[in-house]
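Asks: build me a model from this:
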Amino acid sequence: MPINRISAPNVREIDKVQITPAVCSTIASGVEIYSVNDPNVEVLKIEFVFDAGARLQPAPYVASATNTLLVEGTTHYTSKELAEHLDFYGAYLQNRSGNDDATLTLFCLPKHLESCLPLVVDILSHASYSEEEIKTQKENAVQRLLVNESKTSYLARRSFFEAVFGNKNPYGAPVYQHDIKNISRETLVSFYEMHYRRKLKYIMASGSVGIGVIDKITDVLSTFGRHNQSIFEYAPPQERAQKIEIHKGGSVQSTIRIGRKLFNRNHPDFRKMQLLNLILGGYFGSRLMSNIREEKGLTYGIYSALESYLYDGVFYIETDINNELVDLGVSEIYKELERLRNIAVGEEELNTAKNYMLGSFLRSLDGVFEQASRQRILIDYGLSAEYYNEFIEIIKNTTSLSLQEMANKYLKHEDLYEVVAGK
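Replies: A predicted model of the protein is given here:
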């Protein structure tokens, strides 16, 4: 039957979504293994999650360096030998360190799992942290930092988070050259021993998780213990909104970042704030883009974001503007915030934003790996299986008046931090 390219497809309202539930197994030591299976996918993805984020590090950059060097050799294999062995089986590892946790992810074909898992076990039991690898890593990190410090966007971001959360808070502590240079092998090994060595927060397996895959993982990791994250006590910072200017010689444009500490996705207002953020600066048709890019021509791009962490959250607006137009850009940003507080969003604009948000949400569920990522959010924040369907209902039922209330509650001028780097 030929495709009809004249008539637009029917529009259907989103009522509910069917997300493949994660099946949970538990090994003898108490470590939970979650799995999301799709027999049509040939690849297996196994995420080993550790309670080893920056919020637990004893000094800046320790968590990141420990995670980076995790795959740079063990007492049995050099980093080159590890890479060659994995490459032989068409497998590879990814490692990532964030604010709240860290991961080591294995991608492989199911038939090669038994050959690749022992390498992961060796990394998580006998990582070497050689002085030579540490020296190289520190030199590379300093060079990357020097490059970043030449960018106004990096300077604004670092200063903003330090101001909002404080330099002693795990979400705000900045990294400087001396922090990198002062890291010792003893510090990294200690962090590895405490947060990685034969310890796991949980495991997420997705893709081709066929018969026997979970059993193989369980057998190989039977001696690994469960890392208890309850040892962390978070002290929220005291908010003191302020204006900060960072002068960067030779810069023809400045980065503006305006925002505040907010809350994470466990907060009852989080999902409404997601919609408000979208209308303000969360997509190309947003108010900030329409005004500051399209109408005023002050920037190539401007956006706002709502970030959620396990123990806190943050909202901010960011853009790059020519130095001579910075004051006008800042003024227009505050005008858009004031408009949200004083005038209810129109019905057409609200419906457009709702449809865009729900459509984007559906696209984010396209594929087993994407669904596994959504399941990880539920696990990390202790949310119910109905969280995403509740999200759909909340967005659909959010009114213009409730968004105006959100704006007056959380986006008042006097509560916002303002950072300008460059001018």
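Asks: name the residues that touch the helix or strand bottoming out on mean pLDDT in the chain?
Replies: None of the helices or strands of the chain scores lower by mean pLDDT, DSSP states H and E than strand 225-226, at a mean of 83. Contact with strand 225-226 is made by 29, 30, 31, 32, 198, 199, 200, 201, as judged by CB atoms under 8 Å, 6 or more residues apart in numbering. All C-beta spots, glycine's among them, are computed from the backbone N, C-alpha and C.
Asks: tell me how many other residues surround the third one.
Replies: Counted with other CB atoms under 10 Å, the burial measure for residue 31 works out to 23 neighbours.
Asks: and the next helix or strand past the least confident helix or strand of the chain?
Replies: strand 243-247 (DSSP states H and E).
Asks: same question for that next one, mean pLDDT?
Replies: Strand 243-247 shows a mean pLDDT of 93.
Asks: rebuild the contacts of strand 225-226 as TSV, extending it with secondary structure.
Replies: Listed next are those as TSV, based on DSSP: H, G, I helix; E, B strand; the rest coil:
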residue	secondary structure
29	coil
30	coil
31	coil
32	strand
198	coil
199	strand
200	strand
201	coil
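Asks: among those residues, which one sits closest to residue 148?
Replies: Nearest to residue 148 among the contacts of strand 225-226: residue 201, at 29.2 Å, using CB to CB.
Asks: state the pLDDT value of that closest one.
Replies: For residue 201, the model assigns a pLDDT of 94.
Asks: what's the answer for residue 9, then?
Replies: At residue 9, pLDDT is 59.
Asks: can you check the one 10 residues further on too?
Replies: At residue 19, the pLDDT value in this model is 82.
Asks: ok, and the closest non-adjacent residue to it?
Replies: Using CB to CB, 6 or more residues apart in numbering and skipping the chain neighbours, the partner closest in space to residue 19 is residue 371 (5.6 Å).
Asks: likewise for residue 134?
Replies: residue 185 (5.7 Å).
Asks: how many neighbouring residues does that neighbour have?
Replies: 15.
Asks: now do residue 83
Replies: The number of residues near residue 83, taken as other CB under 10 Å, comes to 15.
Asks: residues touching it, list them.
Replies: Going by CB under 8 Å, 6+ apart, the list of residues near residue 83 is empty.
Asks: how far away from the center of its chain is the helix or strand where it lies?
Replies: Per DSSP H and E: residue 83 is located in helix 79-88. Taking the mean of its C-alpha atoms, helix 79-88 sits 29 Å from the chain's own mean (CA atoms, centre = their mean, to the nearest Å).
Asks: list the buried residues in it.
Replies: Judged by neighbour count (16 or more other CB atoms under 10 Å), helix 79-88 contains these buried residues: 82, 86.
Asks: again, but for stretch 141-152
Replies: Those would be 141, 145, 151, 152, for stretch 141-152 by 16+ other CB under 10 Å.
Asks: now stretch 244-253
Replies: Here stretch 244-253 shows 246, 248, 251, 253 as buried, counting by 16+ other CB under 10 Å.
Asks: who touches that stretch?
Replies: The contact list for stretch 244-253 (CB under 8 Å, 6+ apart) reads 152, 155-156, 159-160, 163, 254, 320-323, 417-423.
Asks: next, the distance between the ends of that stretch.
Replies: For stretch 244-253, the first-to-last residue distance is 16 Å (CA to CA, to the nearest Å).
Asks: redo the buried residues of stretch 244-253 as a markdown table? Include distance to residue 346.
Replies: Compiled in a markdown table, these are given as follows (distance: CB to CB, whole Å):
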| residue | distance to residue 346 |
| --- | --- |
| 246 | 38 |
| 248 | 40 |
| 251 | 38 |
| 253 | 33 |
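Asks: out of the residues you listed, the closest to residue 403 would be?
Replies: Among those, and counting by CB to CB, the member closest to residue 403 is residue 253, at 31.9 Å.
Asks: now do the contacts for residue 380.
Replies: Here residue 380 is in contact with 100, 101, 310 (CB under 8 Å, 6+ apart).
Asks: now rank the residues you listed by neighbours and give me the top one.
Replies: residue 101 (24 neighbours).
Asks: residue 50 is in contact with that one, correct?
Replies: Yes: with contact defined as CB atoms under 8 Å, residue 101 and residue 50 form a contacting pair (6.2 Å).
Asks: anything in contact with each of those two?
Replies: residue 201.
Asks: kindly state the domain boundaries assigned to the protein.
Replies: As assigned by automatic domain parsing, the chain contains the domains 23-231, 243-422.
Asks: to residue 6, which of these lies closest?
Replies: domain 243-422 (22.6 Å).
Asks: distance between the ends of the closest one?
Replies: Termini of domain 243-422 sit 14 Å apart (CA to CA).
Asks: kindly report the same for stretch 267-285.
Replies: 27 Å.
Asks: which SSE is immediately downstream of the helix or strand hosting residue 305?
Replies: Using DSSP H and E, residue 305 sits within strand 302-308. Counting by DSSP H and E, the next helix or strand C-terminal to strand 302-308 is strand 313-322.
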